[in-house]
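Engineer: Starting from these lines, generate the structure:
(chains A and B)
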Amino acid sequence: MTPLELFGEQFMQRALIAALLTGLAAPAIGTFLVQRRLALMGDGIGHVAVTGVALGLATGASPLWTAVLVAALGAVLIEVIRERGQTNGDVALALLFYGGLAGGLFISGLAGQSAAALNRYLFGSLTTLSRSDIVVTTVLAVAVVGLCVGLAPQLFAVAQDQEFARVAGLRVRAYNLLVAVLAAVSVTVAMRTVGLLLVSALMVVPVATAQQLTRSFRTTIVAAMALGALASVGGLVTATFASYEVTVAPGPTIVLLALACYAVAWPIGIWSRHRARLREPFPSGQAAPQHGACDEHPHAHGPGCGHLAVPHDDHVDYVHDGHRHAVHGGHYDEH
Amino acid sequence: MTESAAVEVRNASVALGGRPVLRGIDLTVAPGDFVALMGANGSGKSTLVRAMVGLRPVIGGEVRLFGTPLDEYDAWSRIGYVPQRATAGSGVPASVWEVVAAGRLTRRRLLRPLSRADRAAIEDALEVVGLVDRRRDAVTNLSGGQQQRVLIARALAGEPELFFLDEPTAGVDLPNQQVLADTLARLKERGATIVLVAHELGPLAPLVDRAVVLRDGRVAYDGSALQDHEVHQPWFAEPHTHHHHHERPPSVSAPVGRDDQLPGGRR
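Structural biologist: Numbering: from 1, shown residues only, chains lettered A, B, ... in the order given. Below you'll find the model as predicted:
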């Protein structure tokens, strides 16, 4: 089968749609989780969702819907625990994570399910999506993206400064719960793409990549969604082509591609932050009072002389070898 | 309806974790007042301001804003709250403009784009605090004093009448304190009511109409801050102006519990 024929197949087109939607939805809600320093919440919800999937498989109900339900309940519970106690919050969350995972494995064992059925959800299986799976995925993903973007000003304010948001009259608790539920929904949307165990990567890694290079929230969320879509679709396509030679699962490929993007962005981010720090203007009016002319200076400073030029009040200081030289008449002052 | 007080606190008590922090506080702030809440660390001044905006429940007594009990109060666009500067930034970068724009949410409706009036108010707020040219910068790249100005601009963006500022000068260098004072002076000219928590006033001193000193959760002094000002420095000024005290001169930089010596209700 040629690649062209392969991409013409319905199952492949469904997989592409699911990958694209997941790639957009997961980083959209992931940005708010990262902003509130809850990067691992997606992981926790993913573990809890295992129980939901197992329940669905055991009872014959749609695993997608049972997963949405159980994951949302788990997310709300996590949010309540987080809100209540600062002291043992992380331990309580850990209990919930492991309980969710163990409960899922236990239930599927009881029901005599094959490991393969659960594996599809644990590690993702883009190519086995049915028509109705795609419809549900689309509806949920569009809802997540729509709410994340539409309510962005409110969600941003709540995540940025809860107390200010409360005094501004926002229903902080409702927004917090909404974020938790949206996170749960996007976990279940993403579980067929990258699998429940890797879901959090798609929510967090594109955001971490984007914020290496951004200075505002809006560009961060947009860039994260673009990177997420790129990684998911790119990962699926890569995995498809690679499958002619060896067995390559799309889920891990997507995550590895997202991580590769991060690996590229990270040094660039470090470099640009370092550069910005060096070029930050010196504080005004703080030239040392005893500053004087420096010794004889064979080099002529000027724009493009190769030395770091930093604005300082009404002039420019040239920085080299631990000196700050400012032009003063025919000589250089040490600032 | 006669003009009601901007803030009315009657016999209010607040407890934190079961321990009473404020006891029997009575305080009325008239519209247009510039009130400084002062006191040592742990005297409860920040808790009082947080109780006034509803972030701390009162266990006894009541708080009214513009005549409405806090429980029923919903006209939050009239209130501008400037919290203590958070030390930890959030996980995702946010630009100065975005943080200031968040202050406009008191007047925006759900799922509506920014109106022209919204944009103008945000612009005006940035202009008042002098950060128009830093609007695109990430807040975390700003100095502490500039971050404090961002928080004030955020409150300004909602065009409120009543401001609560919690320690706006803490950890802010002198040039930035001066900018802050100029900003507050402009607000005062516009007729805003301002309730300010401060450990030391510095350049804000000339703006204050009235000082309320808390000591151990109670009001220890409530009166004109300017009464004395014409004669010599006000009581909360730099310690070296206070040498008329005997024994241990009170000092704004004294450790907790040291600057509670208020002879005759005044320090």
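Engineer: where do the helices sit along the chain?
Structural biologist: You didn't say which chain, so I picked chain A. Here chain A has its helices, by DSSP state H, at A:3-8, A:10-35, A:41-59, A:63-84, A:89-110, A:115-123, A:131-150, A:152-160, A:162-167, A:172-190, A:199-210, A:217-242, A:250-279.
Engineer: Let me rephrase: I mean chain B.
Structural biologist: B:45-52, B:96-102, B:116-128, B:144-157, B:174-189.
Engineer: residue ranges with poor pLDDT in the chain?
Structural biologist: Defaulting to chain A. Flagging of chain A using pLDDT under 70 yields the residue ranges A:85-89, A:284-292, A:295-296.
Engineer: was after chain B, sorry
Structural biologist: If you take pLDDT under 70 as the line, chain B has these spans: B:1-2, B:87-89, B:226-267.
Engineer: Contact distance from chain A - what residues of it qualify?
Structural biologist: Within chain B, the positions lying close to chain A (C-beta under 8 Å from any C-beta of the partner chain) are B:53-55, B:74, B:76-77, B:79, B:81, B:83, B:86, B:90-95, B:97-99, B:101-103, B:105-106, B:108, B:110-111, B:136-138, B:141, B:154, B:158, B:164. Quick note: C-beta positions are derived from backbone N, CA and C, even for glycine.
Engineer: if we go to 7 Å?
Structural biologist: Counting by C-beta under 7 Å from any C-beta of the partner chain, chain B comes close to chain A at B:53-55, B:74, B:76, B:79, B:81, B:83, B:86, B:90-95, B:98-99, B:102, B:105-106, B:108, B:111, B:136-138.
Engineer: Buried by neighbour count, from those residues: which ones?
Structural biologist: Among those, those classed as buried by 16 or more other C-beta atoms under 10 Å in any protein chain shown are B:53-55, B:76, B:79, B:81, B:83, B:90-95, B:98-99, B:102, B:105-106, B:108, B:137-138.
Engineer: For the most centrally placed residue in chain B, give me its contacts.
Structural biologist: Nearest to the mean C-alpha position of chain B, counting by C-alpha atoms, centre = their mean, stands B:Leu165 at 2.0 Å. Contacts for B:Leu165 (C-beta atoms under 7 Å, 6 or more residues apart in numbering or on different chains) come out as B:82, B:196-197.
Engineer: can you put the helices of chain A in CSV and add mean neighbour count and distance to chain B?
Structural biologist: Rendered in CSV, the data for the helices of chain A read as follows (neighbours: other C-beta atoms under 10 Å in any protein chain shown; distance: least, C-beta to the nearest C-beta, whole Å):
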stretch, mean neighbour count, distance to chain B
helix A:3-8, 11, 35
helix A:10-35, 25, 4
helix A:41-59, 25, 12
helix A:63-84, 20, 14
helix A:89-110, 16, 17
helix A:115-123, 16, 28
helix A:131-150, 16, 5
helix A:152-160, 23, 4
helix A:162-167, 21, 4
helix A:172-190, 24, 11
helix A:199-210, 29, 7
helix A:217-242, 22, 5
helix A:250-279, 16, 7
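Engineer: Could you dump those into CSV and include distance to B:Ser13?
Structural biologist: Putting these into CSV (distance: least, C-beta to C-beta, whole Å) gives the following:
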stretch, distance to B:Ser13
helix A:3-8, 70
helix A:10-35, 36
helix A:41-59, 37
helix A:63-84, 24
helix A:89-110, 29
helix A:115-123, 54
helix A:131-150, 41
helix A:152-160, 29
helix A:162-167, 21
helix A:172-190, 25
helix A:199-210, 44
helix A:217-242, 40
helix A:250-279, 48
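Engineer: Break chain A into its domains for me.
Structural biologist: A:3-275, A:292-334 (automatic domain parsing).
Engineer: Could I get those domains in a markdown table, plus columns for distance to B:Ala220?
Structural biologist: Listed next are those as a markdown table, based on distance: least, C-beta to C-beta, whole Å:
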| stretch | distance to B:Ala220 |
| --- | --- |
| domain A:3-275 | 27 |
| domain A:292-334 | 45 |
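Engineer: And the ones you listed: which comes nearest B:Asn11?
Structural biologist: domain A:3-275 (23.1 Å; C-beta to C-beta).
Engineer: quick one: A:Val187 and A:Ala239, what's the gap?
Structural biologist: The gap separating A:Val187 from A:Ala239 is 21 Å, by C-beta to C-beta, to the nearest Å.
Engineer: oh sorry, the question was meant for A:Thr66
Structural biologist: 28 Å.
Engineer: show me the contacts for residue 197.
Structural biologist: Just so you know, I chose chain A. A:Leu197 sits next to A:46, A:122-123 when contact means C-beta under 7 Å, 6+ apart.
Engineer: not what I meant, chain B
Structural biologist: B:37, B:45-46, B:49, B:165-167.
Engineer: Right, I'll call it a day here.
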